[in-house]
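S.K.: okay, here's the prediction I keep looking at, along with the sequence it came from:
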Number of protein chains: 2
Amino acid sequence: MKLSILFGGASFEHEISIVSAITVKAKLDNFELSFIFCDQDHTFYLIEASNMKANFFSSGKYKKSKSLTLTLGSFTNSSLFSSTTIDSTVLNLIHGGDGEDGSIASLLDFYKINYIGPRKEAAMFSFNKHYTKLYASSFGVKTLSHEFLTITDKRDVKTSYPFIVKPTTLGSSIGVSIVKEESELNYALDVAFEFDNTVIIEPFINNVKEYNLAGFKANGKINYSIVEEPQKNEFLDFDKKYLDFSRSQQVSEAELSTEMIEKLQDTFSKIYNTTFEGSLIRCDFFIIENEIYLNEINPIPGSMANYLFSDFKISLTTLFNSLPTKSYPSVSYQYINSISSAKGK
Amino acid sequence: MKLSILFGGASFEHEISIVSAITVKAKLDNFELSFIFCDQDHTFYLIEASNMKANFFSSGKYKKSKSLTLTLGSFTNSSLFSSTTIDSTVLNLIHGGDGEDGSIASLLDFYKINYIGPRKEAAMFSFNKHYTKLYASSFGVKTLSHEFLTITDKRDVKTSYPFIVKPTTLGSSIGVSIVKEESELNYALDVAFEFDNTVIIEPFINNVKEYNLAGFKANGKINYSIVEEPQKNEFLDFDKKYLDFSRSQQVSEAELSTEMIEKLQDTFSKIYNTTFEGSLIRCDFFIIENEIYLNEINPIPGSMANYLFSDFKISLTTLFNSLPTKSYPSVSYQYINSISSAKGK
């Protein structure tokens, strides 16, 4: 089984993706792995396994690796005398922009390369927190109430303090602040607008119970991970989340009733639906007064949430063997031909 | 001003796109035009202006043209002794799949090529009729009520007869049927499911008043076309719509009060929002008992709806000069560097 891990990307989560790829590499020794790095200029490089170390990238040494071009069915390196073709299934491990916003999905679909990862619609709904809420509510899944503000809007917030300000489209808590009183508002908005032109504002609920559940669909059935109650400060800050991306030790299950776990799984399946087929996702939920709220969908979770699965290797192999492929219709020239023949041409 | 018209695509609307490109070519003689054809295998070709005739494509003769590859900033043809670079702004004129589903937008953004056309989020919301309704309702714009059915669902329709069955993701009336009684239902669903795995079902309203309005945002302000009341049979069938794609004669304005036209423009602006920046779109509305309903959003209307603008050349030039560009964040290696230095490496 050949699998190429695609990582990097021109995003704020570039480094995280490198850490994630190094972690997953160690977990998938049952695959014949290749490593494809996307640098900040959107050039692809084929990375030798022995070079899969963080400072190979931070030092810029990767630039001496073979560059790759997207061609139909494969990533290819062609020079005058030789050509290398990487035509294996791709594991999209580019977190944040590029990977999680639907761009990489569109590219891989267009060039007819199989991949593990969210399809473009799935990426769009999970990447944008405003759209996630729309999507969830259309399936009857609750999310926290929110306000939506663009960079040019008047900073007239109606939500009561304390609240959380989040850039609409970033993950990993980048640009997120808790605002406890009015004097902190402008600074928090300035920070968030550094990263995005729009923000969402949600009520901040102290000590809210958070639960993470990962899963994927294979052969029509969803395979669930265990449910974890992540350790946290007020909220997961960037450094803490960073560590999350290099996690590889299995965690213990949250203390919840079987009934509540089934309710979480049921909510997960409503979100996963057909939209997320082909991907292993992690949903982060809140439980407030026994009600489940979707917080966010991670369609490419850090290190593929390997630590939530008792059998990560088997899980990924199962998904690998059950990937959807995009089909394209045959083009016909029926109309043009009928017109041409009517014209006697 | 250099502009490349990109057309074709692997979709049911491939032919329509060719017709549309030929029509628009005649309308934009103020630009220095290039023509890039995407064939059904997703190979790009540079087409000479003199070859912009329908049967050049239907006959397969286009395959002798220079092929092009997407590279950073341009479409390129490189052979051993020469190389051709097309680095002008692109007019995305691929109707239906590829062009209107966000794929081409993702490719052009990824390769940092400027373009006129919907960005990927805009494309995804307009391509899928179910998502269009979600999107519209989030801005308080009405659409007809609907049922959503997947190919594996029980064919248990609750909408009263007559109703319309539509594939969720296709344009140009492909696979659409009016169902007047139960005996016609299965056939209509079979037809629609030929084209898509999901369908929507909407009440059919006889003699509903339909109005089309096109527009685009430039320098923060929306420029509107006139409002047209399209001529139609029961609904626009494929052949009729086909002709629509080659329209080039300006039409006359619908007979509506100034107040109603302003209401249509206001509804258009809610839909256009910031989501559709960079594109010239046509919204098709119904007016039922003085209330406006959005029927569909065409983010790449046939022949760019040139016939709705009194000054199409000037309109397109204005849009050309006001295109958004996607910016990518600089990648930093702050975290990896801090860890490496802590380790004393």
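M.R.: Looks like it arrived, so ask away. Computed from a predicted structure; not experimentally measured. Numbering: from 1, shown residues only, chains lettered A, B, ... in the order given.
S.K.: for A:Leu80, see how far away A:Gly9 is.
M.R.: 30 Å (CB to CB, to the nearest Å). C-beta here means a position set from N, CA and C on the backbone, and glycine is covered the same way.
S.K.: and for A:Lys112?
M.R.: On the measure of CB to CB, A:Lys112 and A:Leu80 end up 27 Å apart.
S.K.: again, but for A:Pro230
M.R.: 52 Å.
S.K.: name the residue in those two with the higher neighbour count.
M.R.: Applying other CB atoms under 10 Å in any protein chain shown to A:Pro230 and A:Leu80 shows that A:Pro230 carries more neighbours, namely 14 against 6.
S.K.: tell me which element that one is part of?
M.R.: Using DSSP states H and E, A:Pro230 falls within no helix or strand.
S.K.: isn't it up against A:Asn212?
M.R.: Yes. When contacts are counted by CB atoms under 8 Å, A:Pro230 is listed as touching A:Asn212 (5.8 Å).
S.K.: domain parsing for chain A?
M.R.: According to automatic domain parsing, chain A comprises the domains A:2-116, A:124-142+A:207-320, A:147-203.
S.K.: how about the residues of the stretch 101-250 of chain A by chain B?
M.R.: A:101-103, A:105-107, A:109-112, A:120-121, A:124, A:128, A:131, A:134-135, A:138, A:150, A:195, A:197, A:242 (CB under 8 Å from any CB of the partner chain).
S.K.: quick one, which of those are buried?
M.R.: Applying 16 or more other CB atoms under 10 Å in any protein chain shown to those, the neighbour count classes A:101-103, A:105-107, A:109-112, A:120-121, A:124, A:128, A:131, A:134-135, A:138, A:195, A:242 as buried.
S.K.: tell me where the stretch 51-200 of chain A has helices.
M.R.: A:54-58, A:103-110, A:120-127, A:129-138, A:185-195 (DSSP state H, counting those that start in this stretch).
S.K.: from the contact counts, what lies against the last one?
M.R.: Read it as helix A:185-195. strand A:163-167, strand A:177-179, strand A:198-203 (3 or more CB pairs under 8 Å, 6 or more residues apart in numbering or on different chains; DSSP states H and E).
S.K.: report the distance from it to the chain centre.
M.R.: Distance of helix A:185-195 from its chain centroid, counting by CA atoms, centre = their mean, to the nearest Å, is 24 Å.
S.K.: tell me the buried residues in that helix?
M.R.: Result for helix A:185-195 [16+ other CB under 10 Å]: buried residues A:Leu185, A:Ala188, A:Leu189, A:Val191, A:Ala192, A:Phe193, A:Phe195.
S.K.: what does it contact?
M.R.: A:12, A:149, A:151, A:155, A:157, A:165-167, A:170, A:174-179, A:199, B:329 (CB atoms under 8 Å, 6 or more residues apart in numbering or on different chains).
S.K.: what sits up against stretch A:321-329?
M.R.: A:89, A:109, A:112, A:114-116, A:119, A:217-219, A:277-278, B:10-12, B:40, B:97, B:195.
S.K.: any of those buried? List them.
M.R.: A:89, A:109, A:112, A:114-116, A:119, A:217-218, A:277-278, B:10-12, B:40, B:97, B:195.
S.K.: give me the subset of the residues you listed lying in strands.
M.R.: If you go by DSSP state E, the buried ones among the contacts of stretch A:321-329 have A:Thr89, A:Tyr115, A:Ile116, A:Lys217, A:Ala218 in strands.
S.K.: can you pull the contacts of the third one?
M.R.: Contact criterion CB under 8 Å, 6+ apart gives A:Thr89, A:Val90, A:Leu91, A:Asn92, A:Gly278, A:Ser279, A:Leu280, A:Leu316, A:Leu319, A:Phe320, A:Leu323 as the residues in contact with A:Ile116.
S.K.: could you dump stretch A:67-74 to CSV, C-alpha only?
M.R.: Only the C-alpha atoms of stretch A:67-74 are listed here, as CSV (Å, rounded to 0.1, in the frame of the first residue of the first chain):
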residue,chain,number,x,y,z
SER,A,67,10.6,19.7,-7.2
LEU,A,68,7.3,18.1,-8.3
THR,A,69,4.6,19.3,-10.7
LEU,A,70,0.9,18.3,-10.6
THR,A,71,0.1,16.3,-13.8
LEU,A,72,-2.9,14.1,-14.6
GLY,A,73,-2.9,11.2,-12.1
SER,A,74,0.4,12.1,-10.4
